[in-house]
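1. Dropping the sequence and predicted coords here.
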Amino acid sequence: MAPAQEHMFEEEPLPEAVVFDSDFIINVLHENEEFHDECREFASRLFDGGVAIVYSSLSRLDLWHGWERAVKARGLPAEMGGEPVRACVDDREQWYKLGDEYLKTLLSLFDRYEVRIGTRLLDKALDFAARYNLRSHDACLLACAFSYRSVGYRFP
């Protein structure tokens, strides 16, 4: 069984499955992000290639921080009229709901495997965080990648 590894956007062949992190997702979903075109093109290649998506049950929560940062820095996506950004609670809730709906729509396009964060995965994530100096969710994503491989999950 091959270990999880990084895959470059232009690299061939496409992998069997890819772990999505929130930075990639935000770049796909928000057209004003710096790497939007590259990430969206890669997501299209993954879709066309029938590549399955692996993600953590924490992805929706992790997406919030990056999505909020993107909206504050680059404004709202055009489909929301590019309205000026205000920092009141109602607006933050609206930004989150929009980002969450975008995430759900994106994930629904792919065959997908959600890795739930339990004690065993959390222990592995903590080991990765300590060993590789990773942020907490990045360590969870790495643990998810290895978890996907270890359970022998096979996509149709």
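-> That came through fine.
2. Now the residue nearest the centre of the chain: closest residue in space that isn't a chain neighbour?
-> Centroid-nearest residue in the chain: D21, 3.1 Å away (criterion: CA atoms, centre = their mean). Nearest residue to D21 in three dimensions, chain neighbours excluded: L141, at 5.4 Å (CB to CB, 6 or more residues apart in numbering). For glycine as for every other residue, the C-beta is placed from the backbone atoms N, C-alpha and C.
3. got a list of what the residue nearest to the centre of the chain touches?
-> Going by CB atoms under 8 Å, 6 or more residues apart in numbering, D21 touches 62, 137-138, 141.
4. Which one of those residues sits in the busiest neighbourhood?
-> When these are compared by neighbour count (other CB atoms under 10 Å), L141 ends up highest, at 25 neighbours.
5. Go through the contacts of D21 and say which is closest to H7.
-> L141 (13.8 Å; CB to CB).
6. ok, and for the helix or strand containing that closest one, which residues are buried?
-> L141 is part of helix 136-150 when elements are defined by DSSP states H and E. Residues of helix 136-150 classed as buried: 137-149 (neighbour count, 16 or more other CB atoms under 10 Å).
7. of these, the lowest pLDDT goes to which?
-> pLDDT across the buried residues of helix 136-150 is lowest for R149, at 59.
8. before we move on, back to that, which strands and helices lie in contact with the helix holding L141?
-> On a contact count with 3 or more CB pairs under 8 Å, 6 or more residues apart in numbering; DSSP states H and E, helix 136-150 meets strand 17-19, strand 52-56, strand 112-115, helix 119-132.
9. Quick one: closest of the ones you listed to F35.
-> Where the helices and strands packed on helix 136-150 are weighed against each other on CB to CB, the nearest is strand 17-19, at 15.7 Å.
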